[in-house]
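Asker: sequence isn't available, so here's the structure alone:
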């Protein structure tokens, strides 16, 4: 016999031994060890289980993301809290977006008109449809973003903070606008303020 036949016989013999060994063991009675079993085999839970039920089962879960995580699509982490100290420190935060080009200004204006113009007005004068010079459903006049020195001198970070958490009668826009969209609106407001001068 030549060498290639010997090699072939050895390979066939070795393969048949390995095959018979692998088929002979009982994997159900001797499962392999799993590095992270909770990630590999999750616990079966009811889809709409209450938090109390989960805590009774020893599962610590509260529907909130882990602190410090960033939502998919957002790339501007903002770590200031919704308190007086966070509001004051927000004045130090700079807009991370570069100046908007013409196409982005059009998009920022659209976002402003949909989300902000209803109260602050299309001219940013605080005379939106919900106020209408005191004739609308809101009796308190919204902020005059263009024409009021207080808001024209307001820092970009403070505007962003107010949109993120809300301020006074204005609610939070964290669920309606992404971080990038909020910063785009800040750019738009600052652009309109600079054009007025």
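Answerer: Everything's here; your move. These numbers come from a predicted model, not from an experiment. Numbering: from 1, shown residues only.
Asker: low-confidence ranges in the protein?
Answerer: Within the chain, the segments meeting pLDDT under 70 span 1, 22-32, 37-46, 62-65, 73-75, 134, 136, 197.
Asker: okay, which residue is most central for it?
Answerer: In the chain, the centroid-proximal residue (Cα atoms, centre = their mean) is residue 71; its distance is 2.9 Å.
Asker: helix, strand or coil: sort out it for me.
Answerer: coil (DSSP: H, G, I helix; E, B strand; the rest coil).
Asker: ok, now how distant is it from residue 102?
Answerer: Residue 71 sits 28 Å away from residue 102, going by Cβ to Cβ, to the nearest Å. Just so you know, the C-beta spots here come from the backbone N, C-alpha and C atoms, and that holds for glycine as well.
Asker: domain ranges for this protein, per the record?
Answerer: 3-56, 84-196 (automatic domain parsing).
Asker: switch those over to a markdown table; also include mean neighbour count.
Answerer: Shown next, in a markdown table, are the domains of the chain (neighbours: other Cβ atoms under 10 Å):
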| stretch | mean neighbour count |
| --- | --- |
| domain 3-56 | 9 |
| domain 84-196 | 16 |
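Asker: adding distance to residue 67, write the ones you listed out as JSON lines.
Answerer: Shown next, in JSON lines, are those (distance: least, Cβ to Cβ, whole Å):
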{"stretch": "domain 3-56", "distance to residue 67": "18"}
{"stretch": "domain 84-196", "distance to residue 67": "14"}
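Asker: all helices of the chain, in order?
Answerer: Secondary structure of the chain (DSSP state H): helices at 3-24, 37-40, 51-56, 84-89, 102-115, 117-120, 149-152, 156-165, 179-196.
Asker: so how far is the last one from its chain's centroid?
Answerer: Pointing back at helix 179-196 there. The chain centre lies 20 Å from the centre of helix 179-196; the measure is Cα atoms, centre = their mean, to the nearest Å.
Asker: now the angle from it to helix 102-115?
Answerer: Relative orientation of helix 179-196 and helix 102-115, computed by axes from the mean of the first three to the mean of the last three Cα atoms, to 10 degrees: 100 degrees.
Asker: one step back: quick one, phi/psi of the residue nearest to the centre of the chain?
Answerer: phi -60, psi 140 (degrees, to the nearest 10).
Asker: look up how far residue 164 lies from it.
Answerer: Residue 71 sits 12 Å away from residue 164, going by Cβ to Cβ.
Asker: and if you look at residue 140?
Answerer: 21 Å.
Asker: and what of residue 58?
Answerer: Remark: distance between residue 58 and residue 164 (Cβ to Cβ) = 35 Å.
Asker: can the helices of the chain go into JSON lines with extra columns for distance to residue 77?
Answerer: JSON lines is the format used below for the helices of the chain (distance: least, Cβ to Cβ, whole Å):
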{"stretch": "helix 3-24", "distance to residue 77": "50"}
{"stretch": "helix 37-40", "distance to residue 77": "26"}
{"stretch": "helix 51-56", "distance to residue 77": "27"}
{"stretch": "helix 84-89", "distance to residue 77": "14"}
{"stretch": "helix 102-115", "distance to residue 77": "21"}
{"stretch": "helix 117-120", "distance to residue 77": "27"}
{"stretch": "helix 149-152", "distance to residue 77": "26"}
{"stretch": "helix 156-165", "distance to residue 77": "12"}
{"stretch": "helix 179-196", "distance to residue 77": "8"}
